[in-house]
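Novice: with the input below, show me the fold.
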Amino acid sequence: MRIYFLGIAGAAMGNAALLLRNLGHEVLGSDKAVYPPMSDKLAEAKIELLEGYDANRLQALSPDLVIVGNAFSRGNEEIEFLLSSKKTSFTSLPEAMNRFVLSNRRNLVVTGTHGKTTTTALAAYLLEKAGANPGYLIGGAPMDPESGWNAGVSEGLFVIEGDEYDSAFFDKRSKFIHYSPTVAVVNNLEFDHADIFRDLEDVKRSFRHFCRIIPGNGHLLINGDDENALSLLPASWTRVYTVGEGEHCDLRIEQYKTTPAGSRFDLSWSGKPWLTVDWGMVGKFNARNAAMACLGAALILDPESDPGSFEAAGIDSFRGVARRQQVKLDTKPLVVVEDFAHHPTAIREILESFRARFPGRKLVAAFEPRSNTSRLEIMRERLGEALSVADTVVIGVARQANSEGVSLLDTEDLASDLQNRGIEANAARSNEDALKVLRERCQSGDDDQTVVFLTNGSFDGIIDRFVEER
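Specialist: Got it, this is the predicted structure:
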């Protein structure tokens, strides 16, 4: 089948294109711009990359199917052609994954407001180390495993990141509804994606729909310390295990401590010691990611065996995912970290983890309010609480695109809120200005410093420029 990806440059779309090419389909696609490393990976797979959007070109290519990325909506000329011509079938990426990959597999689907990419990557990595040859699709750039995708084997295991965001402009259901879970992880649950969900109850409603499609011979793994996640229960139609620090949890995280190289903790299953993890990741949230990945991998590999017999080989060497706690520079006077965090909870957890990992240093947070949630005024109070973990905060420019009818975050008010908390804060007029402020702050010679960049975008390239100047 000739399959055309509209929006092929994104991590999930690009990895899916590579996966379907490996399964024998002819694949090509378009995007506004395609950059390395994704452009190199697609070219190596002989996938044709077309820059920009052209309805006449799409008509001439005559694909059998168009997979439409969820960033696209009405007004794009290729979409308008698809709708008006009625000659070419189109679908969303989640629906295509179900059709071509997931419908005949045992699927481990990792959901939750935070930690999906890391947990998915770790579960896939552990299954690879166990010799299972799992298929997987990761919505990021993992360092382990070495690729963001693998086809695996037909009717075998598959690990996929299950996002609650909508599938496409024509399918407003959450992506994970399409993923046919056998083992489902709910890592945590908070209000997010304010552009498509009205409130927390709206988010819960979508997660409840997801939980209802777990089969009777499947498993639901749920955060036992998260009241919002626990509110999805009971789920009497499937087997449920709780994961967390609480004594009531089936899989417990115990004896957590930060170390100079990362962190160390124990996992106990049904009251019995299971694993001791000593790795380079930091934060209790990553300990929970690890616990979920270990239990999910054990159950998808052999649902009838005692999970406590799963060895989780390789977990201590797991390097994580690019742009998740990625240390870009580590010198005595200056440590620079990049992280994808943009939700207030994730921001707070990341800052707390690096405060603990590098004690005695001034902690500087550089925050770009770019996501559809973090750039909204309704998040200002929570962002202030989260960013106040730092000693100094530099706030970049809130993303303006598609802001009609939206009350955008007032970054100057956020800076004032932080100043009222005793935090040194600056609302930059541009991201270039943010870079200037950071330069001045880090050249002052005051104390050793840890600078944490927080963005789900590029911060207009200032992160790498800041590092290169050191």
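Novice: how about stretch 433-445, which residues are buried there?
Specialist: Going by neighbour count (16 or more other C-beta atoms under 10 Å), the buried part of stretch 433-445 is D433, A434, L435, V437, L438, R441, C442. The way it works is simple: take the backbone N, C-alpha and C, and place the C-beta from them, glycine included.
Novice: just those now: which is nearest T91?
Specialist: Among the buried residues of stretch 433-445, A434 lies closest to T91 (C-beta to C-beta), at 40.0 Å.
Novice: residues contacting that closest one?
Specialist: By C-beta atoms under 8 Å, 6 or more residues apart in numbering, the contact list for A434 reads A366, V394, I395, G396, V397, N426, A428, F459, I462.
Novice: mind checking the SS state of it?
Specialist: Classification of A434 by DSSP: H, G, I helix; E, B strand; the rest coil places it in helix.
Novice: for it, which non-adjacent residue is closest in space?
Specialist: Excluding the flanking residues, the one nearest A434 by C-beta to C-beta, 6 or more residues apart in numbering is A428, at 3.8 Å.
Novice: ok, back up a step: quick one: which of the contacts of A434 sit in strands?
Specialist: Using DSSP state E, the members of these that fall within strands are A366, V394, I395, N426.
Novice: returning to what we had before: burial count for the residue nearest to A434?
Specialist: Applying other C-beta atoms under 10 Å, we find 21 residues neighbouring A428.
Novice: now do Q59
Specialist: Q59 has 15 neighbours, counted by other C-beta under 10 Å.
Novice: can you confirm L383 is in a helix?
Specialist: Yes - under three-state DSSP, L383 falls within a helix.
Novice: doesn't F466 lie inside a helix?
Specialist: Yes - the assignment for F466 by three-state DSSP puts it in a helix.
Novice: and the furthest pair within the contacts of A434?
Specialist: Farthest apart among the contacts of A434 - using C-beta to C-beta - are N426 and F459, which lie 14.9 Å from each other.
Novice: re the thing from before, quick check, nearest of the contacts of A434 to V153?
Specialist: Of all the contacts of A434, V153 sits closest to F459, with 40.2 Å by C-beta to C-beta.
Novice: and that closest one, what is it in contact with?
Specialist: A366, E368, G396, N431, A434, F453.
Novice: and C442, by the same measure?
Specialist: Residues near C442 by C-beta under 8 Å, 6+ apart: L334, V364, Q449, V451.
Novice: turn the residues you listed into TSV, columns for pLDDT.
Specialist: Below are the contacts of C442 laid out as TSV (pLDDT from 0 to 100):
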residue	pLDDT
L334	91
V364	96
Q449	91
V451	95
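Novice: widest-spaced pair of these?
Specialist: Farthest pair in the contacts of C442 (C-beta to C-beta) is L334 and V364. Separation: 9.6 Å.
Novice: shared neighbours of these two, anything?
Specialist: By C-beta under 8 Å, 6+ apart, the residues touching both L334 and V364 are C442, Q449, T450, V451.
Novice: is it correct that the second one is in contact with K332?
Specialist: Spelled out, that is Q449. No - taking contacts as C-beta atoms under 8 Å, Q449 lies outside contact range of K332: 10.5 Å.
Novice: one step back: more neighbours, L334 and V364?
Specialist: Shown here are L334 and V364; by other C-beta under 10 Å, V364 has more neighbours (24 against 17).
Novice: you'd agree V327 is in a helix?
Specialist: No - with three-state DSSP as the criterion, V327 is strand rather than part of a helix.
Novice: list the contacts of the nearest residue to it once chain neighbours are set aside.
Specialist: Counting by C-beta to C-beta, 6+ apart, V327 lies nearest to V337, which is 5.5 Å off, once chain neighbours are set aside. Residues in contact with V337 (C-beta under 8 Å, 6+ apart) are Q325, Q326, V327, K328, F354, T450, V451, V452, F453.
Novice: which of the three states applies to V337?
Specialist: V337 - assigned by three-state DSSP - is strand.
Novice: now, the shared contacts of L334 and V364 that are in strands?
Specialist: Per DSSP E, the shared contacts of L334 and V364 map to strands at Q449, T450, V451.
Novice: could you measure from the second one over to L363?
Specialist: Translated: T450. Distance, T450 to L363, using C-beta to C-beta, to the nearest Å: 5 Å.
Novice: and L49, what are its bridge partners?
Specialist: For L49, the beta-bridge partners under DSSP bridges are G29.
Novice: in this structure it contacts V34, no?
Specialist: Yes - the criterion here is C-beta under 8 Å, and L49 meets it with V34 at 5.1 Å.
Novice: dump the residue contacts of the closest residue in space to A425 that isn't next to it in sequence.
Specialist: Nearest residue to A425, sequence neighbours excluded (C-beta to C-beta, 6+ apart): L418, at 3.8 Å. L418 is in contact with G384, L387, S388, V393, A425, counting by C-beta under 8 Å, 6+ apart.
Novice: what is the burial count for the third one?
Specialist: Around S388 there are 19 other residues, counting by other C-beta under 10 Å.
Novice: without its sequence neighbours, what residue ends up closest to it?
Specialist: According to C-beta to C-beta, 6+ apart, the nearest residue to S388 is R421 (4.8 Å).
Novice: tell me if I'm right that that neighbour and A386 touch.
Specialist: No - judged on C-beta under 8 Å, R421 makes no contact with A386 at a distance of 11.4 Å.
Novice: just want to know which of the two has more residues nearby.
Specialist: Just comparing R421 and A386: by other C-beta under 10 Å the higher neighbour count belongs to A386, 26 against 13.
Novice: Validate this expectation: the more buried one resides in a helix.
Specialist: Yes - checked against three-state DSSP, A386 lies within a helix.
Novice: for L414, see how far away it is.
Specialist: 11 Å.
Novice: D31 now?
Specialist: For D31 relative to L414 (C-beta to C-beta), the value is 33 Å.
Novice: show me the domain layout of this structure.
Specialist: The record's domain parsing of the chain by automatic domain parsing lists 2-95, 101-317, 326-468.
Novice: lowest average confidence across those domains, which one?
Specialist: When the domains of the chain are compared by mean pLDDT, domain 326-468 comes last with a mean of 88.
Novice: so what sits against both of T450 and L363?
Specialist: F354, R355.
Novice: I'd say R357 and A261 touch.
Specialist: No - contact criterion C-beta under 8 Å: R357 and A261 do not qualify, at 9.0 Å.
Novice: who's more crowded, those two?
Specialist: R357 (21 against 12).
Novice: which residues does that one contact?
Specialist: Contacts for R357 (C-beta under 8 Å, 6+ apart) come out as T258, P260, G262, V282.
Novice: show me how far stretch 32-49 is from its chain's centre.
Specialist: Taking the mean of its C-alpha atoms, stretch 32-49 sits 21 Å from the chain's own mean (C-alpha atoms, centre = their mean, to the nearest Å).
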